[in-house]
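*Asks:* Sequence first, then the predicted structure:
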Amino acid sequence: MRDTAVDMVVVERERHVTVLLSGEMDRVSAPAVRYRLLDLAGAAGRPLVLDLAGVSFFDAEGLRVVSAAARRCDELGIGLATVGVRPFAAKMFRLLRLHERIPLCSSTEEALWCLLPITDADLADWLRD
């Protein structure tokens with residue numbers, strides 16, 4: 001039997017939390033990931049950025065996990081965005097219209113623009129570039 005574990009690394013930031021996932025998000029691994037993400041959303045108290053670049057396989061259960069985490073974040077008023085979504089998974093997000101409520105971003109910076117109010121310092125840094 002193949003290993004279907006998903007590794008999760010949580011990086012706490014001042015204004016957001018980045019969650020790096022790697023492995024295969026399938027019906028076997030999804031329940032544990034769902035539990036951990038929902039718990040993290042409740043404890044974080046700030047927006048979540050899910051980095052899915054390390055997820056090599058993503059099935060319907062994986063989509064349900066991300067959707068459930070987004071619903072939980074919405075309930076808490078903290079928001080969730082994704083980065084690093086591979087082409088097949090991105091296509092599934094779009095077919096199911098999940099991208100309308102879960103931003104599919106190309107970088108963490110883009111995700112933060114979607115999730116956080118822009119500060120004067122952010123705007124000044126952007127104008128300098």
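*Replies:* Okay, I see it.
*Asks:* quick one, phi psi at the residue nearest to Leu116 when sequence neighbours are not counted?
*Replies:* Computed as Cβ to Cβ, 6 or more residues apart in numbering, the closest residue to Leu116 that is not its neighbour in sequence is Arg15, at 5.7 Å. Using the backbone N, CA and C atoms, a C-beta is placed for each residue, glycine as well. Main-chain dihedrals, Arg15, degrees, to the nearest 10: phi -110, psi -10.
*Asks:* residues contacting Arg15?
*Replies:* Listed by Cβ atoms under 8 Å, 6 or more residues apart in numbering, the contact set of Arg15 reads Arg46, Pro47, Leu112, Leu116.
*Asks:* Excluding chain neighbours, what is closest to the residue nearest to the spatial centre of the chain?
*Replies:* The chain has Leu50 as the residue nearest its centroid, 2.3 Å off, counting by Cα atoms, centre = their mean. Excluding the flanking residues, the one nearest Leu50 by Cβ to Cβ, 6+ apart is Thr82, at 4.7 Å.
*Asks:* quick one: contacts for that neighbour?
*Replies:* Val49, Leu50, Asp51, Leu52, Val66, Ile102, Pro103, Leu104, Cys105, Ala111 are the contacts of Thr82 under Cβ under 8 Å, 6+ apart.
*Asks:* hmm, 10 Å instead?
*Replies:* By Cβ atoms under 10 Å, 6 or more residues apart in numbering, Thr82 lies in contact with 19, 21, 48-53, 66, 69-70, 89-90, 93, 98-99, 102-105, 111, 114.
*Asks:* Just the buried ones from these, in PyMOL syntax?
*Replies:* A single PyMOL command is used to select the members of these judged buried by 16 or more other Cβ atoms under 10 Å:
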select buried, resi 19+21+48+49+50+51+52+66+69+70+89+90+93+98+99+102+103+104+105+111+114
